[in-house]
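Student: structure for the following, please:
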Amino acid sequence: MTKSQIYDWDANSLFRFGGYILLILALIDFINILIPFHFTNPVWEFQMIGALVDHATVPLIGLIFVFAGHRKFSNRLEFYLLKFLSWSALFVGVLFLLLLPLGINNTWRIDHQNNFQILNHSSQKIAQLHQIKKLLNNAKTDQELNNIFHSFNSEQTLPKLANPQNVKTQIVAQIAQIEKNVNNQTKAIQNDKHQELIRNSVKWNLGALICAVAFIWIWRATNSM
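Tutor: As a prediction, the model looks like this:
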């Protein structure tokens, strides 16, 4: 055996060793991503897809290292291990393909859920403003207005207002402005949430498709070994 052959053998062994280490680390990551299970929860499923895509680089490099370091004279045990890894690549590739409809469906579900929560929170604020406005509009006398003003400041001892009607007009105008601000903030939050969700959906669903192609290609390239 020449010096060059010894060097090649050492390099191949190093590639295989590094590849197996990366695959073990990838398996640990995979288990950590899935546990604890929260299937049927769209947010957990969506984040799970993102985590799998973000961590797919490690097993891909691991498989490449293992098969790049493969030698024809590997022992029989490693021969079966390589066959197992080759078919595992196909399995993982198909799994990433199956994640695509799940990711698209969860994008729609999360968007709907976000809108419901944002609108519900906004409607509670507006309902409180409408209640205050209704109380003020129903109050006809200065005494009634003073009682309403003091009810909102029950922890403080306030003197009677000299001109409650003017204060009423100012507060009603402020309520209208606050309600407008709440509606504007609601639309802005909805838009921000929607854009962030779409960005992540495109990133992770496209990433899942690329990962599927990569793993299936590895299976095609190694299945005949």
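Student: now do the phi/psi pair for residue 38.
Tutor: phi -140, psi 50 (degrees, to the nearest 10).
Student: that one: neighbour count?
Tutor: By other Cβ atoms under 10 Å, the residues close to residue 38 number 13. For glycine as for every other residue, the C-beta is placed from the backbone atoms N, C-alpha and C.
Student: contacts only, for it.
Tutor: Under the criterion of Cβ atoms under 8 Å, 6 or more residues apart in numbering, the neighbours of residue 38 are 44-45.
Student: would you mind measuring from it to residue 147?
Tutor: 51 Å (Cβ to Cβ, to the nearest Å).
Student: just the helices in this structure please.
Tutor: 3-34, 42-54, 57-68, 76-138, 142-151, 164-222 (DSSP state H).
Student: what about residue 204, how many residues nearby?
Tutor: 24.
Student: what residues are up against the residue lying closest to it once chain neighbours are set aside?
Tutor: By the measure of Cβ to Cβ, 6 or more residues apart in numbering, the closest residue to residue 204 outside its immediate chain neighbours is residue 50, 4.4 Å from it. Residues in contact with residue 50 (Cβ under 8 Å, 6+ apart) are 200, 203-204.
Student: try residue 127
Tutor: Residue 127 is in contact with no residue at all, counting by Cβ under 8 Å, 6+ apart.
Student: for residue 63, same thing?
Tutor: 19, 23, 85, 89, 215, 218.
Student: mind giving me the packing neighbours of the helix-or-strand element of the chain with minimal mean pLDDT?
Tutor: Within the chain, confidence by mean pLDDT, DSSP states H and E is lowest for helix 142-151 among all helices and strands, at a mean of 72. Helix 142-151 sits against helix 76-138, helix 164-222, with contacts defined as 3 or more Cβ pairs under 8 Å, 6 or more residues apart in numbering; DSSP states H and E.
Student: what's the distance between the one residue sitting closest to the centre of the chain and residue 54?
Tutor: Centroid check for the chain by Cα atoms, centre = their mean gives residue 47 as the closest residue, at 4.0 Å. Taking Cβ to Cβ as the measure, residue 47 falls 10 Å from residue 54.
Student: no more questions from me, cheers.
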